[in-house]
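> Quick one: sequence plus predicted model below, questions after.
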Amino acid sequence: MGYWTTLHLFDEKNFYEKVVPELKGLHGSIRLDYLQFSKSHRTGGIEHFSDSELTVFLENSTSKVYSI
């Protein structure tokens, strides 16, 4: 086993002023970001969804994020 050290740069001001309100659904939308993420990270992809199924999928998924 080895010893691993990493440095993660984090802009706290940007996170709390821009990201948190988006995640809470207070302004903006995470739908486009979530759609892009789902294309490559969801098992089975999302290409087979119809427009209405995609809308329902995005609403259900983003509402879970907003509830957290």
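Right, received. Where do you want to start?

> Near F49, how many other residues are there?
16 (other C-beta atoms under 10 Å). Glycine gets a C-beta too; all of them are placed from N, C-alpha and C.

> Let me see the backbone angles for it.
Dihedral angles of F49 (phi, psi; degrees, to the nearest 10) stand at phi -70, psi 140.

> ok, now how distant is it from T6?
F49 sits at a distance of 37 Å from T6 (criterion: C-beta to C-beta, to the nearest Å).

> Please, where are all the strands along this structure?
With strands called from DSSP state E, the chain shows none.

> Which helix runs longest in it?
helix 51-67 (DSSP state H).

> Who are the packing partners of that helix?
helix 31-41 (3 or more C-beta pairs under 8 Å, 6 or more residues apart in numbering; DSSP states H and E).

> What is the helix it packs on packed up against?
helix 51-67.

> tell me the mean pLDDT for the helix it packs on?
Helix 51-67 shows a mean pLDDT of 85.

> Quick one: residues in contact with that helix.
23-25, 29-31, 34-35, 38, 46, 49 (C-beta atoms under 8 Å, 6 or more residues apart in numbering).

> at 7 Å what do you get?
23-25, 30-31, 34-35, 46, 49 (C-beta atoms under 7 Å, 6 or more residues apart in numbering).

> Just flag the most distant two among those residues.
The largest distance within these, taken as C-beta to C-beta, falls between K24 and F49 and amounts to 26.1 Å.
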